[in-house]
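In: for reference, the sequence and a predicted model appear below.
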Amino acid sequence: MIFNDIEYFTLRLIRKYLFSYEFLTKYGKFVPYYKITSGQFSPKLIIDRYLKYKESENIDIKGKTILELGVGATNSTCYSLVDHGAKSCYAYEPYVRFNKEIDDKIIEQNSPYRHILDKVIRIEDLNDVGPGGIDIVFSNSYLQYIENLGELCRHLRRIVKDDAWMVHRTDYRDHFFKYPFQFYKFNKKTWRIINTGLSRLRISDHVRIFNENGFEAKILDQTIEMKEFLKFKSENKINKEFQHYSDNDLATVMGVVSARVRI
Ligand SMILES: C[S@@+](CC[C@H](N)C(=O)[O-])C[C@H]1O[C@@H](n2cnc3c(N)ncnc32)[C@H](O)[C@@H]1O
């Protein structure tokens, strides 16, 4: 146990101070326990999920203006959404630098993308989107990094249409995938020292914050790893800052929240 804690702490500090996002974009596949982002190697994985959710909610993307939050190093998923009939797509990426080399490769592998490039607009700031123009907002593996979801909601409320629909698929694990629940052991102060950006908000927090900020949110899909979580809980002390959450909340490793504007 102590060995696990030492290993975890050391790896987290190395990750925080030695590995930049650019480095991981390029060499992440060689780093133990690090998983490179899906958008980088297979936008199809993400798009298939978006299409599945829109199907289950009976939403049409044809002719719609879409905003995707946190697209990563390339615009690949936005090209694919336009290719599937969206009118245009804003690729919002405030954190990761655009990687033209990988983006060009993806365009090269998908010849239809060449004809739609002007319909994808990469932005770093949501203020670059005019008021009330967005029909659909998607994100994949993004919300777990957002500390101030209330502020994001206020931005979104300004730029989405009144009948807009959004869906966020969030990875709720501790991103050291060997230790998916390890971050429940630390209080805020310790977490700040080793954190590389995870807010540690749980799916119930996300639903509540959307509901408090002008949206009506619900859980569309949820992966709960209860057996592994209960094993972790029996072997470790969960910090008191997390003790008010239900086991279901803490055992949720992946979740999809959809939300509509509250009229
Ligand atoms: C895991 S990537 C997801 C990229 C893409 N949506 C995908 O699924 O391949 C996480 C995204 O969250 C955002 N982010 C914000 N703060 C971050 C942080 N500290 N570390 C990593 N990503 C962060 C970035 O916009 C980044 O593109």
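Out: Cool, the structure landed.

In: how about Glu61, what does it touch?
Out: Small correction: residue 61 is Ile, not Glu. Ile61 is in contact with 51, 54, 81, 84-86, 136, counting by C-beta atoms under 8 Å, 6 or more residues apart in numbering. Any C-beta I mention is one placed from the backbone N, CA and C, and that applies to glycine too.

In: ok, Leu126 touching Arg154?
Out: No - judged on C-beta atoms under 8 Å, Leu126 makes no contact with Arg154 at a distance of 9.9 Å.

In: could you list the low-confidence segments of the stretch 1-150 of the chain?
Out: 1-3, 21-22, 26, 32-41 (pLDDT under 70).

In: and the helices in it?
Out: 2-18, 21-27, 38-41, 43-56, 76-83, 100-109, 149-159 (DSSP state H, counting those that start in this stretch).

In: out of those helices, indicate the one that is most buried.
Out: Highest mean neighbour count of those: helix 76-83, a mean of 25 (counted as mean count of other C-beta atoms under 10 Å).

In: wait, does that helix contact the ligand?
Out: No - on the criterion C-beta under 6 Å from any ligand atom, helix 76-83 is out of touch with the ligand, staying 6.8 Å away.

In: helices or strands up against that helix?
Out: Secondary-structure packing of helix 76-83 (3 or more C-beta pairs under 8 Å, 6 or more residues apart in numbering; DSSP states H and E): helix 38-41, helix 43-56, strand 65-69, strand 88-92, helix 100-109, strand 120-123, strand 134-140.

In: need the contact list for Val71.
Out: Contacts of Val71 by C-beta under 8 Å, 6+ apart are 39, 77-78, 91-93, 122.

In: turn those into JSON lines, including distance to Glu228.
Out: Supplementary listing: these in JSON lines, determined by distance: C-beta to C-beta, whole Å:
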{"residue": "Gly39", "distance to Glu228": "27"}
{"residue": "Thr77", "distance to Glu228": "29"}
{"residue": "Cys78", "distance to Glu228": "34"}
{"residue": "Ala91", "distance to Glu228": "35"}
{"residue": "Tyr92", "distance to Glu228": "33"}
{"residue": "Glu93", "distance to Glu228": "32"}
{"residue": "Arg122", "distance to Glu228": "38"}
